[in-house]
Structures are given as C-alpha cells and as structure tokens.
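*Asks:* structure of the sequence below:
(one chain, ligands or ions: 1)
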Amino acid sequence: MALRHCAGNFLSPRRSAYMTPHSSMSIFARQMNMEAQSVAAHLNSSGFIRSQGLIGGKWTDAYDGKTIKVCNPATGEVITNVPCMGGKETNDAIASAYDAFVSWSKLTAADRSKCLRKWYDLIMAHKEELGQLMTLEQGKPLKEAIGEVSYGASFIEYYAEEAKRVYGDIIPATLPDRRLFVLKQPVGVVGAITPWNFPLAMITRKVAPALACGCTVVIKPSELTPLTALAAADLSIQAGIPPGVVNVVMGNAVDIGDALLASQQVRKITFTGSTAVGKKLMAGAAATVKKVSLELGGNAPCIIFDDADLEVALKGTLATKFRNSGQTCVCANRVLVQEGIYEKFANALSSAVQSMKVGDGFGEGVVQGPLINDAAVQKVESLVQDAISKGAKVLVGGKRHGLGRTFYEPTVMADVKGEMLISREEVFGPVAPLLKFKTEEEAIRLANDTNAGLAAYIFTTNVQRSWRVTEALEYGIVGVNEGLVSTEVAPFGGMKQSGLGREGSKYGLDEFLEIKYVCLGNMN
Ligand code: NAP
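*Replies:* Numbers count the residues shown, from 1 in each chain. From the prediction side, this is the model:
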C-alpha cells in the first residue's frame, strides 16, 4: 500500500523531497523543475488537471474537506491536492453507479459501443496532454507515457468493438418439449482498484470491458497517481457516457476498499496491485460473495539459452527489465543465463545499461525516470545490499543516482543466486540480477521456484526447446524471443499467487458477465 499523506498527516518521503530548499538544488534540478512547472501550468490552464473526485457525474470534494497532495516524483513538487475520500463518498459513488446501471445496462450494445468509441477518440486526440500529466505524476519518460496512453486507449477501442459480440448460446435440449438457452448479462456495479505504475492502462483494461458489457464502475486509482484517472474520467463524460456510469473516488484506501467490499450492490471487485492487498480483497469479498479478479505481483524469469541470438536476447531483456524503470509487474525480475553465453551476455547487457540516460521524464533522450517514492528506492537498496552481502557482484550501477531524490542507477548484478532476496521478491526497480544455469531442466526448476506466475521470457533459436520450455513454465504469459508482450487483443493475467482471471482480449469480457441459463418448457 502506498504511504498515506493526507493533509494534516503528511508523512510521505516525497514531501521531504519537496521541501529541499531551492538554494541547495543543482542547476540541473532547477531546470528540471522549470520544465515540469511549465507543463503543469499549461495542463492546469487547459483544464487537464482535475482536483476533485467524480460521483454521479458531479465533481466532488471529500465531505470533510481533507485533501492529499499529489507530487511529481522527479522534483518532489506538489502538482495539486485531491480529495482524501473515504467510506461515505464511496457509498455515494456506489449508489450513483447502481442507479446508472439500470439505464446503461439496457442500452443496446451498439449504443454503448458508440460511447466507448467516442471516449477512445477523445483520449487519442489528447494523448500528448495525458502523457504529460502521467509523466508529471508518475515520472515515466514522456515517450513511454504517451505510449501508455495509446496502449490504454486501445482497450477502449477494442471493447467498443467487442461490446457487440457478447453472444449467448442455444443448447440442444434433453427433452422434446424443452428449449435451452444461455444469456450473458452484466454483473452489475464494479469496484475497480488500480495501482500507480500504469495510471491509465490499468484503469481502461478494467473499465472498458465492464462498460462494454453494461456494468457501471467505481474506480479507485492510487493516491499517488489520481490525476490521469480523473482526466480520463472527464473525457468519458465529454464522450457522452452518462453520469454515474464512471465514478472516481480516491484517498483512504482501506476505507474505500472496505466500503466496496461491504456493499451488496457491488457485484464485482477487479484489482491490480500487490499480492498482499489482493489477498485481503479476496478474503473481504467472501462476505458478500462477489466475483473477484486479481492482477497481482510477478517475479518474471527471463531465460537466455546458449543458442539465443545475442542481439535479440539483449533487446528483449532491456525492454522487459527497464521499461518504466523496472516498475512493472511483468518486468524481468531474474535473468537466468546459460553458462556458455553468460560472459558475453553480461558484458553486452552491462554496456547497454551503462549508456542509459537517467533523468526527469521530460528530458531529451531520457529513458529511465525516477522511482515512484523513497520507499521504493529503499526497497531496491536493501535487495541489492542483501545480494552483495551474500556474494553477488555489481557490474554496473548499484546505488542511488547522483541526481538525488528517487533516482536510482540502472544496475546489472552478476553471481546472483536463487535463494537471495532479490530473486525471491519483486524488485520493482532498474536492477537486472543475472543467475547462471547449466541445463534446461535447471532453468525450468529455477524459473518455477516462486509463488508468482505472471510473465516469463525465453530466448532461444531452438524451436523444439521454445515449445518444451513454454509448456513447462508455470506462468500465465510467456514471451518467446520477445520482451514486450502486452496487447489489448491477448489475455493478460497470472497463475499461482499472481492472480485470478484475465484482462484484455475476448476473455476479458467474461470477468464482467453472469451466465444465465434459461429453460423454456411446454414447447410442443
Ligand atoms: P498496492 O499497494 O497493492 O496498491 C494498489 C491499489 O490498491 C492502490 O490503489 C492502493 O491505494 C489500493 N489499496 C492499498 N491497500 C488497500 C486496501 N486495504 N483496500 C483497498 N485498496 C487498497 O500496489 P502498488 O504498490 O500500487 O502497485 C504495485 C504492485 O502492483 C506490484 O506488486 C505490481 O506487480 C502490481 N501490478 C500488477 C499488475 C498485473 O497486471 N498483474 C499490473 C501492474 C501492477 P493507494 O495507492 O491509494 O494506497
């Protein structure tokens, strides 16, 4: 869970960064601030920075007036304050979603599809502004942020199309006077809880299929990145999606979560975030027997076999490891390299990582932004220290970046072992730990030796091996000679403790549908 920092109880490490006196800042840091400030001013004047929640189509403050600061992780500066909402606001959002469900679910699929398409068009028309907003609050490089806007929007476009294909079934009857049908109907009000690492895509991946099916939603974005969610919700209203269909509350995560779990009207919880919180939500959903889908943490192995094409393996590893500064659930967490190619691969990876430009996401040529907050940096530091203390070697990086704040040097570590913490926990930072293996069997054993089972990657030019290993891996997603695997048309989700259910693709619709069996009797 993110650190709480409501006004009056502000403990976030990001605040101390904000309070760094300007006089002690480097010229570079000052330039960084000016760039971010001018972007923030521009977005503010063009109405892109929304600083209220959305309940029943109305922009709303917290009922007790409390707010949370939203800060830029690159500079520590406050972008704006948003309401610190809790159970009461959430209950009202649920009531609005419940009312809106009556009419939204009765629209034809074609009408819902038109609204979704319009929403997609508006997001794409404003992808620059949304990308800037995302870089401001989340830190990822602008090019990557704009890429996420297109990726996030693609779910809306896809489900605008799929909305029209929610087919039922006719089942051959077992008695002559019977007719048997299967209807698919929307589950109802959906509570969608999302993390900070993909401030738009994790929302659209849930909300687009939910709306396509006829459900209405109460979204709870991370308190660290609520602005992209609010801007997207604003565009949903401009697209003609009726008030109450999309609601956004943010603030006290536990109170909001508890209200969503306790409500009889909420029929589905869809969550992306840590495994620990996912388990709590799953347990909490039992009281009202809600449908639950969970997209949780990963511990992705990236296996480089001796027969891999070095360039392909390098490109794929860089893409899967260092995207979003290593802060994705499908990031390679352990790079398993076969002994014959180990030295060559370690050298090639080290020199590529050495030349990565780190900085504010608005900077020219920057490919590595800051980590989300100081707690994230501390976690990376402790995992790296633990590995060093147990015999791992730093080939590149291995410490906080000279830029200060939450910047960490892109890092490669050699001689990492499966029992080190860095192999067992989700690093969520720009550190590539290399583990050496001898045989294919050993690689599979190491890869599966974790409770996580989200994404895995293999690099090999041997077709038989690629199938053999893919089938043996206990993971929901396998990239073969490819590090970037996410797309709206394919099912995304994990096995084991990485989650339940799938998002994206035709399978993603099922998560928001009830199956109703209808038996017609006396049909002779
Ligand atoms: P997190 O701490 O679990 O938070 C995720 C969301 O849950 C946030 O909105 C958070 O609110 C909220 N939350 C926290 N405690 C809650 C509670 N008791 N009840 C209800 N909601 C609660 O995870 P994170 O640090 O934001 O995200 C990183 C994690 O997400 C990583 O483990 C990553 O692997 C995973 N992830 C998985 C996928 C996937 O598709 N499998 C994709 C992206 C990320 P606040 O932020 O406001 O506290």
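
*Asks:* C-alpha only now, for contacts and for neighbours.
*Replies:* Fine.

*Asks:* pLDDT on stretch 386-395, on average?
*Replies:* Stretch 386-395 carries an average pLDDT of 98.

*Asks:* could you do stretch 52-65 as well?
*Replies:* 98.

*Asks:* also stretch 98-115?
*Replies:* 98.

*Asks:* and it, C-alpha only, in CSV?
*Replies:* What follows is stretch 98-115, C-alpha atoms only, in CSV (Å, rounded to 0.1, in the frame of the first residue of the first chain):
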residue,chain,number,x,y,z
TYR,A,98,-26.2,1.4,-9.0
ASP,A,99,-28.8,3.9,-10.3
ALA,A,100,-26.9,4.4,-13.6
PHE,A,101,-26.7,0.6,-14.1
VAL,A,102,-30.4,0.4,-14.7
SER,A,103,-30.3,2.5,-17.8
TRP,A,104,-26.8,1.8,-19.0
SER,A,105,-27.3,-1.9,-19.0
LYS,A,106,-30.5,-1.5,-21.0
LEU,A,107,-28.8,0.4,-23.8
THR,A,108,-28.1,-1.6,-26.9
ALA,A,109,-24.6,-2.9,-27.2
ALA,A,110,-24.3,-0.7,-30.3
ASP,A,111,-25.1,2.4,-28.3
ARG,A,112,-22.6,1.6,-25.6
SER,A,113,-20.1,0.9,-28.3
LYS,A,114,-20.6,4.4,-29.8
CYS,A,115,-19.9,6.0,-26.4
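
*Asks:* and that stretch, how far from the chain's centre?
*Replies:* How far stretch 98-115 lies from its chain's middle: 27 Å, per CA atoms, centre = their mean, to the nearest Å.

*Asks:* can you list the residues that contact stretch 40-48?
*Replies:* Here stretch 40-48 makes contact (CA atoms under 8 Å, 6 or more residues apart in numbering) with 49, 79, 129-130, 133, 136, 231.

*Asks:* quick check, nearest of those to Val394?
*Replies:* Taking CA to CA as the measure, Val394 sits nearest to Leu136 out of the contacts of stretch 40-48, at 31.1 Å.

*Asks:* show me the contacts for Ile156.
*Replies:* 116-117, 119-120, 204-205, 208-209.

*Asks:* touching, Trp59 and Gly53? I think so.
*Replies:* Yes - counting by CA atoms under 8 Å, Trp59 touches Gly53, with 5.5 Å between them.

*Asks:* picking up where we left off before, take the contacts of stretch 40-48 and keep only those in strands.
*Replies:* Ile79 (DSSP state E).

*Asks:* most neighbours of all the contacts of stretch 40-48, which one?
*Replies:* Counting neighbours by other CA atoms under 10 Å, Leu136 leads those with 32 neighbours.

*Asks:* look at that residue and report its pLDDT.
*Replies:* Looking at Leu136, the pLDDT reads 97.

*Asks:* list the contacts of the residue nearest to it when sequence neighbours are not counted.
*Replies:* Distance criterion CA to CA, 6 or more residues apart in numbering; nearest residue to Leu136, sequence neighbours excluded, is Asn72 at 5.3 Å. Asn72 makes contacts with 78-79, 136-139, as judged by CA under 8 Å, 6+ apart.

*Asks:* now, the most widely separated pair of the contacts of Ile156?
*Replies:* Farthest pair in these, by CA to CA: Arg117 and Arg205, 14.6 Å.

*Asks:* ends of stretch 283-299, what's the gap?
*Replies:* End-to-end distance for stretch 283-299, by CA to CA, to the nearest Å: 23 Å.

*Asks:* list the buried residues in it.
*Replies:* By 16 or more other CA atoms under 10 Å, the buried positions in stretch 283-299 come out as 284-285, 290-299.

*Asks:* and the ligand, which of the residues you listed reach it?
*Replies:* Contacts with the ligand within the buried residues of stretch 283-299, as defined by CA under 6 Å from any ligand atom: 295-298.

*Asks:* quick one on the thing from earlier: what would the contacts of stretch 40-48 look like in CSV with distance to Leu43?
*Replies:* Formatted as CSV, those follow (distance: CA to CA, whole Å):
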residue, distance to Leu43
Ile49, 6
Ile79, 10
Glu129, 7
Leu130, 9
Leu133, 7
Leu136, 10
Ala231, 10
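
*Asks:* okay, and which of the contacts of stretch 40-48 map to helices?
*Replies:* The members of the contacts of stretch 40-48 that map onto helices under DSSP state H are 129-130, 133, 136, 231.

*Asks:* farthest pair in those residues?
*Replies:* Leu136 and Ala231 (13.2 Å).

*Asks:* hmm, back to that, include secondary structure and pLDDT when you put the ones next to the ligand among the buried residues of stretch 283-299 into a markdown table, please.
*Replies:* Formatted as a markdown table, these follow (DSSP: H, G, I helix; E, B strand; the rest coil; pLDDT from 0 to 100):
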| residue | secondary structure | pLDDT |
| --- | --- | --- |
| Glu295 | strand | 98 |
| Leu296 | coil | 98 |
| Gly297 | coil | 97 |
| Gly298 | coil | 98 |
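
*Asks:* ok, of the residues you listed, which one's closest to Lys184?
*Replies:* So of these, ranked by how close each gets to Lys184 (CA to CA), first place is Glu295, at 23.5 Å.

*Asks:* Val249 versus the nearest residue to the closest one once chain neighbours are set aside, what's the distance?
*Replies:* Of all residues not flanking Glu295 in the chain, Thr272 sits nearest, at 4.5 Å (CA to CA, 6+ apart). Per CA to CA, Thr272 is found 16 Å from Val249.

*Asks:* out of Arg117 and Arg205, which sits in the more crowded spot?
*Replies:* For Arg117 and Arg205, the more surrounded residue by other CA under 10 Å is Arg205, and the numbers stand at 23 against 20.

*Asks:* confidence score at that one?
*Replies:* Note on Arg205: pLDDT of 98.

*Asks:* now Glu35
*Replies:* 81.

*Asks:* neighbours of it, how many?
*Replies:* 14.

*Asks:* verify the stated contact: it with Asp360.
*Replies:* No - counting by CA under 8 Å, Asp360 is not a contact partner of Glu35; they are 9.2 Å apart.

*Asks:* on that earlier part again, any of the contacts of Ile156 buried? List them.
*Replies:* 116-117, 119-120, 204-205, 208-209.

*Asks:* between these, which is closest to the ligand?
*Replies:* Using CA to the nearest ligand atom, Arg205 comes nearest to the ligand of these, at 9.4 Å.

*Asks:* list the contacts for the closest one?
*Replies:* 152, 155-156, 488, 503-504.

*Asks:* which of the residues you listed has the most neighbours?
*Replies:* For the contacts of Arg205, neighbours tallied by other CA under 10 Å; top is Ile156, 30 neighbours.

*Asks:* let me know the pLDDT of that one.
*Replies:* 98.
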